[in-house]
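# build me a structure from this.
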Amino acid sequence: MIFFLMAIILIAAFIYYYLTRTFDYWKNRQITGPTPIPFFGNIQDIALFRATQAECLQKIYKNYEGEKYVGMFQLSTPTLLLLEPPIIKQILVKDFQHFTDRGHHYDGEREPLTANLVNLEGVKWRILRHKLTPTFSSGKIKNMMYLLHDCGKQLLQYLQETMESTNEIEIEMRDFTAKFTTDVIGSCAFGLNFNSMSPESSAFRQMGREVLQPSKIFAFSKLLRVFFPALFRTLKLRTFPKKVNDFFLNMVTETLKHRQKHNIRREDFLNMLTDLRESKDEMNPESDQDFEVEFTDNLIAAQAFVFFLAGFETSSTTLSFCLHELAINKEIQNDVFEEIKRTVEKYGPTLSYESLKDLILLEQCLLETMRKYPPVQALARICTKSYQLPETSTTIDKGTAVLIPVYALHHDEKYFANPEKFEPQRFSKKNINQRPFGVYLPFGDGPRICIGKRFALLEMKLALATFLFKYEIDVCSKTRHPLVLDPRAFILAPKDGIWLKINRRK
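Presented below is the predicted three-dimensional model:
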């Protein structure tokens with residue numbers, strides 16, 4: 001019995017040591033921060049699904065006002081949380097060579113779709129980013145406008161059929177906007193009609209739900225993938241369900257074969273990736289001349305998939321949040337409608353790439369929406385080589401995690417007065433120029449800024465302009481305000497959806 005008790009004590013002591021072995025990391029470097037809890041570190045509320053990442057980091061952010069950064073722990077992983085604009089700029093831009101990677105697990109062999117631009121690291125990321133950047137130029141995006149217009153027509157047709165015998169309906173807006181953005185990505189990325197607006201649920205829409213449907217199992221798997229990648233691999237867990245992986249790989253492979261066989265060319269992302277595979281471009285950075293990225297079907301599928309994943313969910317969520325705010329703030333909605341009306345009278349009902357630039361207030365509404373509800377709650381970086389913190393003798397080691405609390409910065413009264421109020425004028429040129437770098441980061445910044453930023457803004461402006469010109473929105477009995485955030489969601493999202501009433505304009 002004594003031997004058994006001693007064994008239990010020793011095992012418990014070992015487990016406690018293992019879970020707390022890193023907890024003196026920041027103390028040894030004389031960096032202040034919250035006291036960690038064994039196993040959880042400083043993210044207990046996130047791990048137990050009691051709060052979103054945004055809310056958890058905002059609490060730490062507020063408790064250490066005046067500090068440049070604080071040392072915290074994600075489970076047992078030492079993490080530097082950046083709090084002030086100068087150090088944020090230093091990490092994202094000036095000293096980017098020390099923080100090139102995001103630290104996201106990927107496995108190109110077992111899970112081919114994870115080997116995408118968001119996850120890739122080092123030289124492979126640098127070369128792929130260099131090659132893909134021209135595919136998101138203004139000229140290439142302008143060539144896709146006819147595809148966006150077709151999706152806009154499908155959106156209006158869907159509403160006309162849904163509201164055939166009534167002038168108003170109540171709709172859950174996240175699902176509604178997701179149907180539109182799924183069709184946009186299907187057309188512009190894959191060259192296919194996803195038909196998400198049809199009464200029968202689109203296969204592509206189902207795949208989107210499979211990937212991002214909030215659940216505790218998915219959130220737990222994500223924690224293991226980030227903080228215990230070896231265990232994640234040992235248990236043979238998956239980032240995405242196998243049927244999602246197989247669906248997209250087969251779809252891309254079959255589409256590429258069909259286009260090659262019938263000599264089909266289309267102004268979409270898949271065609272641009274095919275062009276990159278067939279080109280002999282050797283414009284690699286000098287230091288990377290001995291390393292080449294082979295555009296296999298799997299690599300092309302991975303890039304098209306992340307375009308689908310990032311494009312449909314973040315854009316649809318932003319659109320639904322924006323519509324929610326416009327329903328609450330009817331005066332702003334009316335001003336937006338008048339701006340759209342003037343633009344249509346000037347350019348005609350089919351809004352061109354150039355005419356969308358005139359929708360300044362509409363764009364400000366989108367920017368303000370992403371300030372109040374940033375899809376990415378925090379930016380993650382990994383120290384890729386030891387780094388001495390500016391104006392100190394303190395060095396952080398390779399492998400140390402870095403977080404930038406986007407949501408907390410966006411809700412800091414120092415930069416955005418009365419942050420819970422929806423005020424599009426925050427994004428007038430004058431106000432933008434007065435704010436420091438690093439306090440508004442919905443797309444990230446620096447060399448790893450979102451490559452699809454320009455496309456996302458264009459897609460959302462066109463969707464809102466098309467919709468609001470024909471319909472107005474209002475609150476209904478199911479509308480929740482303020483919205484409650486879902487701690488299980490992959491990106492910032494509301495619990496129970498966003499319910500609004502849609503009325504035909506007279």
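# which parts of stretch 52-62 are buried?
Under the neighbour-count criterion of 16 or more other C-beta atoms under 10 Å, stretch 52-62 has 52-58, 60-61 buried. Just so you know, the C-beta spots here come from the backbone N, C-alpha and C atoms, and that holds for glycine as well.
# show me where the stretch 351-500 of the chain has helices.
Per DSSP state H, counting those that start in this stretch, the stretch 351-500 of the chain carries helices over the ranges 360-372, 406-410, 429-434, 453-470.
# pull out the CA atoms of the third one and give them to me as CSV.
Listed next in CSV are the C-alpha coordinates belonging to helix 429-434 (Å, rounded to 0.1, in the frame of the first residue of the first chain):
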residue,chain,number,x,y,z
LYS,A,429,-9.0,59.5,-44.7
LYS,A,430,-8.4,62.1,-42.0
ASN,A,431,-9.2,59.7,-39.2
ILE,A,432,-7.2,56.8,-40.7
ASN,A,433,-4.1,59.0,-41.1
GLN,A,434,-4.3,60.0,-37.4
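# and the helix or strand encompassing Thr255, what other elements does it pack with?
With secondary structure defined by DSSP states H and E, Thr255 is part of helix 242-262. Counting contacts by 3 or more C-beta pairs under 8 Å, 6 or more residues apart in numbering; DSSP states H and E, helix 242-262 packs against helix 203-212, helix 269-278, helix 297-328.
# state the mean pLDDT of that helix.
For helix 242-262, mean pLDDT is 86.
# picking up where we left off before, redo the buried residues of stretch 52-62 as JSON lines? Include pLDDT and secondary structure.
Shown next, in JSON lines, are these (pLDDT from 0 to 100; DSSP: H, G, I helix; E, B strand; the rest coil):
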{"residue": "Thr52", "pLDDT": "95", "secondary structure": "coil"}
{"residue": "Gln53", "pLDDT": "95", "secondary structure": "helix"}
{"residue": "Ala54", "pLDDT": "97", "secondary structure": "helix"}
{"residue": "Glu55", "pLDDT": "97", "secondary structure": "helix"}
{"residue": "Cys56", "pLDDT": "97", "secondary structure": "helix"}
{"residue": "Leu57", "pLDDT": "98", "secondary structure": "helix"}
{"residue": "Gln58", "pLDDT": "98", "secondary structure": "helix"}
{"residue": "Ile60", "pLDDT": "98", "secondary structure": "helix"}
{"residue": "Tyr61", "pLDDT": "98", "secondary structure": "helix"}
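# leaving out sequence neighbours, find the closest residue to the spatially most central residue of the chain.
Centroid-nearest residue in the chain, with C-alpha atoms, centre = their mean: Val376, separated by 4.8 Å. In space, and not counting its chain neighbours, Val376 is closest to Val406: 6.1 Å by C-beta to C-beta, 6 or more residues apart in numbering.
# the one you found and Leu483: what is the separation?
From Val406 across to Leu483, the span is 17 Å (C-beta to C-beta, to the nearest Å).
# who has more neighbours, these two?
Set Val406 next to Leu483 and count neighbours by other C-beta atoms under 10 Å: Val406 wins out with 27 against 18.
# how near is Lys430 to His411?
For Lys430, the distance to His411 - C-beta to C-beta - is 22 Å.
# ditto for Phe269
34 Å.
# neighbour count: the two, which is higher?
A count of neighbours by other C-beta under 10 Å puts Phe269 above the other of Phe269 and His411, at 27 against 19.
# quick one, phi/psi of the residue lying closest to Ile171 once chain neighbours are set aside?
Nearest non-adjacent residue to Ile171, counting by C-beta to C-beta, 6+ apart: Ile502, 5.8 Å away. When quoted as degrees, to the nearest 10, the phi and psi of Ile502 stand at phi -110, psi 130.
# identify the bridge partners of Ile502.
Note on Ile502: beta-bridge partners Ile169, Ile473, judged by DSSP bridges.
# phi, psi for the residue nearest to the centre of the chain please.
Per degrees, to the nearest 10, the backbone of Val376 is at phi -90, psi 110.
# per-residue confidence at it?
pLDDT, Val376: 94.
# quick one: contacts for it?
By C-beta atoms under 8 Å, 6 or more residues apart in numbering, Val376 lies in contact with 314, 406, 442, 444, 491-492.
# and the pLDDT for Lys501?
On the pLDDT scale, Lys501 gets 97.
# pretty sure it contacts Glu170?
Yes. Applying C-beta atoms under 8 Å as the test, Lys501 and Glu170 come out as touching, 5.2 Å apart.
# with neighbour numbers in mind, choose between those two.
Using other C-beta under 10 Å as the criterion, Lys501 and Glu170 rank with Lys501 on top: 17 against 13.
# identify the residues contacting the more buried one.
168-171, 327, 473-476.
# now, of these, which are buried?
Using 16+ other C-beta under 10 Å, the buried members of the contacts of Lys501 are 171, 327, 473-474.
# could you export those residues as CSV, including pLDDT and distance to Ala310?
Shown next, in CSV, are the buried ones among the contacts of Lys501 (pLDDT from 0 to 100; distance: C-beta to C-beta, whole Å):
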residue, pLDDT, distance to Ala310
Ile171, 94, 24
Ala327, 98, 26
Ile473, 97, 26
Asp474, 97, 31
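# closest one of these to Lys398?
Ala327 (48.6 Å; C-beta to C-beta).
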